[in-house]
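# next comes the sequence, and after it the predicted model I'd like to discuss.
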Amino acid sequence: MRFHIDHRHNLWIGTRYWGLYVIDHETRKCTNYLREGMARQVNVIFEDRFHNIWVGNEDGLFQFIPNTDSTDFNIYKYFSNKSGTSTLSGNFVTAIFEDSEGYIWVGTVGNGLSRFYND
């Protein structure tokens with residue numbers, strides 16, 4: 001399991017078989033994400049300088065951008081596409097890091113690192 005407490009004090013729980021859970025700090029509501037139609041094992045949870053949450057699993061990279069007026073998120077998926085130049089080097093994501101210059105580094109199993117500017 002992977003755990004993360006975000007800047008709003010919400011608890012993010014990444015599981016091996018049941019996807020991602022977020023427990024809202026204020027309402028105590030528990031919401032399940034990444035459970036159906038994709039790989040469910042969460043390998044890494046990371047919060048960037050803009051307070052977006054990044055989640056990596058064996059199906060790619062997911063960016064959770066919080067809506068300012070609610071507790072919901074816009075969710076974007078990034079994955080490996082051999083014909084594209086701005087994609088992940090591989091889909092099995094195990095590490096996420098943001099450096100001091102604002103680049104997001106994504107480590108994958110067997111396919112090395114990907115780097116892109118987080119703006």
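Everything's here; your move.
# in what helix or strand does the spatially most central residue of the chain lie?
In the chain, the residue lying closest to the centroid (Cα atoms, centre = their mean) is residue 55, at 1.7 Å. Take DSSP states H and E as the rule and residue 55 turns out to sit in strand 53-57.
# go on, residue 107?
strand 103-108.
# check which helices and strands that strand is in contact with.
In terms of contacts (3 or more Cβ pairs under 8 Å, 6 or more residues apart in numbering; DSSP states H and E), strand 103-108 is packed against strand 93-98, strand 112-117. Every residue, glycine included, has its C-beta placed from N, CA and C.
# any idea how far the first one is from the middle of the chain?
What separates the centre of strand 93-98 from the centre of its chain is 9 Å, taken as Cα atoms, centre = their mean, to the nearest Å.
# would you mind getting the angle between that strand and strand 103-108?
Orientation check (axes from the mean of the first three to the mean of the last three Cα atoms, to 10 degrees): strand 93-98 against strand 103-108 gives 170 degrees.
# what does strand 93-98 contact?
Residues outside strand 93-98 that contact it (Cβ atoms under 8 Å, 6 or more residues apart in numbering): 43-44, 46, 48-49, 54, 56-58, 60-61, 104-109, 118.
# my read: residue 24 touches residue 73, true?
No. Assessed by Cβ atoms under 8 Å, residue 24 is found out of contact with residue 73, at 11.6 Å.
# ok, these two, which is more surrounded?
residue 73 (17 against 14; other Cβ atoms under 10 Å).
# per-residue confidence for the closest residue to that one other than its chain neighbours?
Once flanking residues are discounted, residue 73 sits nearest to residue 64: 4.3 Å by Cβ to Cβ, 6 or more residues apart in numbering. pLDDT for residue 64: 94.
# residue 64 and residue 109, how far apart?
According to Cβ to Cβ, to the nearest Å, residue 64 and residue 109 sit 22 Å apart.
# tell me which of the two has more neighbours.
A direct count of neighbours by other Cβ under 10 Å for residue 64 and residue 109 places residue 64 higher, at 22 against 13.
# and that one, bridged to which residues?
residue 53, residue 75 (DSSP bridges).
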